[in-house]
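Q: Show me how the following folds:
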Amino acid sequence: MVSRDGSPRIWRLKSRELLLDHPIVMGILNVTPDSFSDGGNFFSPDSALAHAMRMIDEGADIIDIGGESTRPGAIPVEAAQESDRVVPVMEELRRHVPDFVISIDTTKADVARAAIDAGASIINDVSAMRLDPDMPVVAATSSAGVVLMHSRGDVTNMASYQNAVYENVVSEVLDELGSQLLLAEEAGVDRKNIALDPGIGFSKRTEHSRELIEKLDQFCTYDCPVMVGLSRKRMLTDVVSRGPLTLEERDAATAAFNVLALQRGAIVFRVHNVKKNRQALDEAWSELT
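A: This is a model prediction of the structure:
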């Protein structure tokens, strides 16, 4: 991938740069008791570390660690409790793989700050910095990489249909993300540090998510890396089946839609099943290049 000026596309993360010369796979590590897909599976530090190492072995480029669920009806977690969940895992992961890229999935500036001190180099904010006015300052002063994901509402309802009302979902999501991008830049965050995520399944019905995937190329106009996080989302069941999908079927559908997103311009993919998506994306990338 190249930027508008013809230079190789990079994503700046604190003191390093991630070269976007292949699909970037971000492995999901939920250190929570109640996440929608794997809540409680990796709640203990030992099981979390083991799963992180497994995802690295399977080809993950980034491990994204989160300590608060955003499933519909999720109960908000205090910053101190969220930090207590994620920081020990980050410290252990940093000890085992000192140079590996770690991301913190949080909407809270205090948690982001603690995670960066523990070794994280990316802040993945599913509210695109809407929910904590201090987040842009933390991002700017740390020089961390940032993911601005589109959503509406707060952590209790952003994954529901409560705010999924659009006249033109693509233009409205572009405009709302653009406003948050400007907010981040005005706080001192360099655009080279920012990736954009249209927020598939967050404050969107299935038809909204499908349209966003089809028109992902429009999100490339901001000259930021585009990330998608559609892994195991409800829209997959709505699109490919009239009944429930098994976990294996959801992961297969995730890989298929990620390949479509890659063809439309996405380059970072947040997934639960690293191995299946790594294989599918690498095969698709070899055909595209």
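Q: residue ranges for the strands of the stretch 151-289 of the chain, please.
A: 194-197, 227-228, 268-271 (DSSP state E, counting those that start in this stretch).
Q: and residue 10, which of those strands is closest to it?
A: strand 194-197 (11.2 Å; C-beta to C-beta). No exception for glycine: its C-beta is placed from N, CA and C like everyone else's.
Q: still on that earlier bit, put together a markdown table for the strands of the stretch 151-289 of the chain, with mean pLDDT, mean neighbour count and distance to residue 152 on each row.
A: As requested, those are exported to a markdown table (pLDDT from 0 to 100; neighbours: other C-beta atoms under 10 Å; distance: least, C-beta to C-beta, whole Å):
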| stretch | mean pLDDT | mean neighbour count | distance to residue 152 |
| --- | --- | --- | --- |
| strand 194-197 | 98 | 25 | 14 |
| strand 227-228 | 98 | 27 | 18 |
| strand 268-271 | 98 | 26 | 19 |
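Q: Columns distance to residue 176 on top of the ones you listed, output as a markdown table?
A: Below are the strands of the stretch 151-289 of the chain laid out as a markdown table (distance: least, C-beta to C-beta, whole Å):
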| stretch | distance to residue 176 |
| --- | --- |
| strand 194-197 | 11 |
| strand 227-228 | 16 |
| strand 268-271 | 20 |
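Q: Of all the ones you listed, which one comes closest to residue 170?
A: Here strand 194-197 is closest among the strands of the stretch 151-289 of the chain (C-beta to C-beta), at 13.0 Å.
Q: The closest one packs against which elements?
A: Contacting strand 194-197 under the criterion 3 or more C-beta pairs under 8 Å, 6 or more residues apart in numbering; DSSP states H and E are the following elements: strand 145-149, helix 169-186, strand 227-228.
Q: my guess is residue 76 meets residue 131, correct?
A: No. Using C-beta atoms under 8 Å as the test, residue 76 is too far from residue 131 to be in contact (10.0 Å).
Q: of the two, who's got more company?
A: Shown here are residue 76 and residue 131; by other C-beta atoms under 10 Å, residue 131 has more neighbours (18 against 15).
Q: residues touching the more buried one, list them.
A: With contact taken as C-beta atoms under 8 Å, 6 or more residues apart in numbering, residue 131 is in contact with 107-108, 154-155.
Q: Show me what counts as buried in stretch 115-134.
A: Buried residues in stretch 115-134, counted by 16 or more other C-beta atoms under 10 Å: 115-116, 118-132.
Q: Take these and keep only those in helices.
A: 115-116, 118 (DSSP state H).
Q: for those residues, which one is nearest residue 167?
A: Of these, the one sitting nearest to residue 167 (C-beta to C-beta) turns out to be residue 115, at 37.3 Å.
Q: is it true that residue 164 touches residue 202?
A: No. Between residue 164 and residue 202 there is no contact under C-beta under 8 Å: 9.0 Å.
Q: what do those two both touch?
A: Residues within reach of residue 164 and of residue 202 at once, by C-beta under 8 Å, 6+ apart, are residue 152.
Q: who's more crowded, those two?
A: More crowded of residue 164 and residue 202, by other C-beta under 10 Å: residue 202, with 24 against 18.
Q: quick one: contacts for the nearest residue to that one once chain neighbours are set aside?
A: Spatial nearest neighbour of residue 202, chain neighbours left out: residue 151 (4.2 Å); criterion: C-beta to C-beta, 6 or more residues apart in numbering. Neighbour list for residue 151: 126-128, 130, 158-159, 199, 202-203 [criterion: C-beta under 8 Å, 6+ apart].
Q: elements contacting the helix or strand of the chain with the lowest mean pLDDT?
A: One helix or strand of the chain scores below all others by mean pLDDT, DSSP states H and E: helix 234-240, with a mean of 87. If you count contacts as 3+ C-beta pairs under 8 Å, 6+ apart, helix 234-240 packs onto helix 206-214, helix 247-263.
Q: Could you check how far that helix is from the centre of its chain?
A: 19 Å (C-alpha atoms, centre = their mean, to the nearest Å).
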